[in-house]
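>>> below is the structure, and that's it, no one-letter string:
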């Protein structure tokens, strides 16, 4: 066995000596190999232990870490080697961990069933970190078919039990800013990723015979959802991140057991839930109507608990729903959202709304304008239901040229009713297309004149703006106000 171990690591040639031949521990590189072909499994374990752990090993010495790495490489090459060694590793969790981590990278082997049986019976607490490494590898879609093994369910139960903790998630705590990273690295979070991959494979295999989630599946997830410790919070974030997936798998269960966690009356549950939704989830019409939209609007008052990425996703969710979801119509909820969100969040939502309008067919953009956006924008110019901030006015100006031409013409009057201006790089002008200039040059001139009049400070957007201004003044018309406004930005159109 150890002959195999050495030969699969050709760069490391070692000399076997009796213990303490080298008092500082270690073997010399470059000497002849003297390891017996079959020293026996206890001796094999002792072989690794003979190497001392060193922070700064001597030049040419093999460290214990390198020797343990040899063990890992051997198990990668021949997974059954880990099974042969396992009975002798009870007192050596570091070596057990090496074996377990290596098993996670196995793609094909006749030993899969035996490996999973060992893991399902092992004491996982001392090697939980290595179990996490195992799970990180095996949850990949091209991993070994662990879902087909009877012991896999027991193994997942044992991992969940080993992750037990008295620590509790603290809503609003500064340390939660790295929460998403924690959920994909801590064993409890990685276990959920593994569970979902096993579930996905079983669902795919069932095909047209799928009849929803099984009772054991529901029991496993419900136990995680009811866990009030940090372990439960990690699991809840992973579950919420797959809200759309679970809704497709079993809509009734998802909307009765997972979606209600969106309610902020219990921040201990709601915050981990929204970490998941605002990081990974997607919406559908049913989820929106049955509570997701209400939760998103509530979340406007809690965005300080999350990172910028989640805040952007919040804005993107609501913008996408406003443009693409027919029921409930945006007209029924945008005022409530506006009243609850802060100026920064509202401006970010308007920016996301512009992105959505740029992506959809012009007929959809026209329908959005006609059904709710024109009236909403008009109310905002009157500071209803909240005072229009400068950032919002600027964001609406950026949105205007992304509307179809006919709706852009109508929006110019609304832009002129605000203090909208160009930002330092002329973002609003960049969305003014040549087609828009050709279709409605007078309104484009009014639009840019108003923005330039209100712009002050350093401006670096001339590279894109100047050609458009020159194209405008080359057309017949009265461009005096446009030329004067351009001079404010040191742009001479004479």
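Thanks, I have the structure now. Since this is a predicted model, take the numbers as computed values, not measurements. Numbering: from 1, shown residues only.
>>> worst-scoring helix or strand of the chain, pLDDT-wise?
helix 2-7 (a mean of 40; mean pLDDT, DSSP states H and E).
>>> so the residue nearest to residue 159 when sequence neighbours are not counted is in which element?
Spatial nearest neighbour of residue 159, chain neighbours left out: residue 191 (5.0 Å); criterion: CB to CB, 6 or more residues apart in numbering. Heads up, the C-betas are built off the backbone N, CA and C, glycines and all. Taking DSSP states H and E as the definition, residue 191 sits inside helix 187-206.
>>> which stretches of the stretch 351-494 of the chain form helices?
362-368, 374-381, 390-399, 405-416, 427-430, 434-439, 441-453, 462-473, 480-487 (DSSP state H, counting those that start in this stretch).
>>> my bad, the stretch 1-150 of the chain
With DSSP H, counting those that start in this stretch as the criterion, the stretch 1-150 of the chain has helices spanning 2-7, 41-49, 64-77, 80-85, 93-103, 112-121, 128-138.
>>> dump those into a markdown table; add distance to residue 494 and mean neighbour count as well.
Converted to a markdown table, these look like this (distance: least, CB to CB, whole Å; neighbours: other CB atoms under 10 Å):
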| stretch | distance to residue 494 | mean neighbour count |
| --- | --- | --- |
| helix 2-7 | 83 | 17 |
| helix 41-49 | 83 | 17 |
| helix 64-77 | 74 | 19 |
| helix 80-85 | 81 | 19 |
| helix 93-103 | 72 | 23 |
| helix 112-121 | 79 | 19 |
| helix 128-138 | 65 | 21 |
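>>> could you dump those helices to JSON lines with distance to residue 220?
JSON lines is the format used below for these (distance: least, CB to CB, whole Å):
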{"stretch": "helix 2-7", "distance to residue 220": "38"}
{"stretch": "helix 41-49", "distance to residue 220": "36"}
{"stretch": "helix 64-77", "distance to residue 220": "29"}
{"stretch": "helix 80-85", "distance to residue 220": "27"}
{"stretch": "helix 93-103", "distance to residue 220": "22"}
{"stretch": "helix 112-121", "distance to residue 220": "15"}
{"stretch": "helix 128-138", "distance to residue 220": "15"}
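>>> can you get me a residue count around residue 267?
Using other CB atoms under 10 Å, the number of residues around residue 267 comes to 17.
>>> over to residue 265?
Neighbours around residue 265, by other CB under 10 Å: 7.
>>> then residue 366?
Residue 366 is flanked by 17 other residues according to other CB under 10 Å.
>>> and the residue nearest to it when sequence neighbours are not counted, what are its phi and psi?
Nearest residue to residue 366, sequence neighbours excluded (CB to CB, 6+ apart): residue 404, at 5.2 Å. With angles defined as degrees, to the nearest 10, residue 404 sits at phi -60, psi 160.
>>> what's the pLDDT at the residue nearest to residue 159?
Residue 191 is assigned 97 on the pLDDT scale.
>>> OK, contacts around it?
Contact analysis of residue 191 by CB atoms under 8 Å, 6 or more residues apart in numbering lists 135, 156, 159-160, 163, 235.
>>> so residue 283: helix, strand or coil?
coil (DSSP: H, G, I helix; E, B strand; the rest coil).
>>> begin at 731, not 1, for the rest of this chat.
Taking 731 as the first residue, the last one we looked at is residue 1013.
>>> and it, backbone torsions?
Taking degrees, to the nearest 10 as the convention, residue 1013 sits at phi -110, psi 160.
>>> now it: closest residue in space that isn't a chain neighbour?
Leaving aside its sequence neighbours, residue 1013 sits nearest to residue 1022 (CB to CB, 6+ apart; 5.8 Å).
>>> so where's the stretch 731-880 of the chain shaky on pLDDT?
Applying pLDDT under 70 to the stretch 731-880 of the chain picks out residues 731-792.
>>> mind doing that once more with 50?
Within the stretch 731-880 of the chain, the ranges that satisfy pLDDT under 50 run 731-771.
>>> verify the stated contact: residue 1192 with residue 1216.
No: using CB atoms under 8 Å, residue 1192 makes no contact with residue 1216, being 9.4 Å away.
>>> phi and psi next, for the residue positioned nearest the centre of the chain.
Centroid-nearest residue in the chain, with CA atoms, centre = their mean: residue 1009, separated by 4.3 Å. When read as degrees, to the nearest 10, the backbone of residue 1009 gives phi -110, psi -40.
>>> now render the contacts of residue 921 as CSV, adding secondary structure and distance to residue 951.
Listed next are the contacts of residue 921 as CSV, based on DSSP: H, G, I helix; E, B strand; the rest coil; distance: CB to CB, whole Å:
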residue, secondary structure, distance to residue 951
865, helix, 17
886, helix, 11
889, helix, 15
890, helix, 11
893, coil, 15
965, helix, 8
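>>> compare those residues and tell me which is most surrounded.
Neighbour counts for the contacts of residue 921 peak at residue 965, which has 27 neighbours (criterion: other CB under 10 Å).
>>> ok, back up a step: any buried residues in the helix holding residue 921, and which?
Within helix 917-936, the residues scored as buried using 16 or more other CB atoms under 10 Å are 917-931, 933.
>>> equivalent analysis for stretch 1036-1053, please.
Of the residues in stretch 1036-1053, those buried by neighbour count under the rule 16+ other CB under 10 Å are 1036-1037, 1040-1053.
>>> these: which two are farthest apart?
Spatial extent of the buried residues of stretch 1036-1053 (CB to CB) is set by the pair 1037 and 1053 at 24.7 Å.
>>> just the ones of the buried residues of stretch 1036-1053 in helices?
Among the buried residues of stretch 1036-1053, the ones falling in helices (DSSP state H) are 1040-1053.
>>> TSV for the residues you listed, including pLDDT and distance to residue 897?
Listed next are those as TSV, based on pLDDT from 0 to 100; distance: CB to CB, whole Å:
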residue	pLDDT	distance to residue 897
1040	97	22
1041	96	26
1042	97	29
1043	98	27
1044	98	27
1045	98	32
1046	98	32
1047	98	30
1048	98	33
1049	98	36
1050	98	36
1051	98	35
1052	98	39
1053	98	41
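>>> which residue ranges of the stretch 881-1030 of the chain form strands?
Secondary structure of the stretch 881-1030 of the chain (DSSP state E, counting those that start in this stretch): no strands present.
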